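In: Below is the sequence, then the predicted model.
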Amino acid sequence: MGNETNNKRFYWLKLQDNFFKNARIKKLRRVAGGDTYTIIYLKLMLLTTKTNGMYIYEGIENTIEEEISLKLDEKLDDVKILWQYLLANQMVEEKENGDVLLPEVSSNIGSETYNNIHKKMKRLEKLQSNSNTIPIEKEIDTERELDIEVDNYGK
């Protein structure tokens with residue numbers, strides 16, 4: 001692999017297991033079209049992972065809503081409604097320079113270089129290949145134990 005790929009950084013957004021139980025998300029989903037707005041919010045969150053949750057307004061369009069609509073390939077009216085909801089529910093923080101912080105993103109992102117991911121994959125492959133050398137008798141015993149547990153379960 002080329003050095004450019006080796007130095008590439010991969011980002012991800014971690015959703016808390018209670019993301020959809022959060023009162024603000026529940027409220028958003030109950031609005032007419034709320035599922036669409038929730039998807040747009042998730043897309044916006046993903047868009048900002050490389051900038052630690054900061055949406056950098058570039059001025060490509062006249063308003064931030066128009067620019068987000070363009071970048072996310074979403075309908076402007078949907079983005080406008082979502083934007084007003086995010087502002088009203090303190091889910092975004094507007095900065096003086098026009099940029100916007102999505103606090104939930106900044107606390108739930110991670111990143112890793114290609115090299116680190118590659119090393120982890122190699123270690124995992126090695127562990128998996130080592131686990132394939134378990135004696136067959138051991139596997140049979142395990143299966144017998146499982147059969148007994150299953151047979152006794154119904155009694």
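Out: Ah, there it is.

In: contacts, neighbours, all on C-alpha from now
Out: OK.

In: in the chain, what spans have low per-residue confidence?
Out: Along the chain, the parts satisfying pLDDT under 70 run over 1-7, 110-120, 130-155.

In: quick one, strands of it?
Out: Secondary structure of the chain (DSSP state E): strands at 9-13, 54-55, 93-94, 100-101, 109-113.

In: Would you convert those into a markdown table that also reports mean neighbour count?
Out: A markdown table is the format used below for the strands of the chain (neighbours: other C-alpha atoms under 10 Å):
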| stretch | mean neighbour count |
| --- | --- |
| strand 9-13 | 15 |
| strand 54-55 | 22 |
| strand 93-94 | 14 |
| strand 100-101 | 19 |
| strand 109-113 | 15 |
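
In: For residue 36, which of those strands is the nearest?
Out: Among these, the nearest to residue 36 by C-alpha to C-alpha is strand 9-13 (19.0 Å).

In: Dump the C-alpha coordinates for that closest one into PDB.
Out: Once non-C-alpha atoms are left out, strand 9-13 reads as follows in PDB (Å, rounded to 0.1, in the frame of the first residue of the first chain):
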ATOM      1  CA  ARG A   9      -7.300   8.500   9.200                       C
ATOM      2  CA  PHE A  10     -10.700   6.900   9.600                       C
ATOM      3  CA  TYR A  11     -13.300   8.500  11.800                       C
ATOM      4  CA  TRP A  12     -16.500   7.200  13.400                       C
ATOM      5  CA  LEU A  13     -19.400   8.400  15.400                       C
END
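
In: Tell me where the chain has helices.
Out: Per DSSP state H, the chain carries helices over the ranges 3-6, 23-30, 34-47, 64-72, 76-88, 103-106, 114-131, 136-153.

In: Domain-wise, how is the chain divided?
Out: 10-110, 113-153 (automatic domain parsing).

In: just these: most buried one?
Out: By mean neighbour count, with neighbours taken as mean count of other C-alpha atoms under 10 Å, domain 10-110 ranks first of the domains of the chain at a mean of 16.
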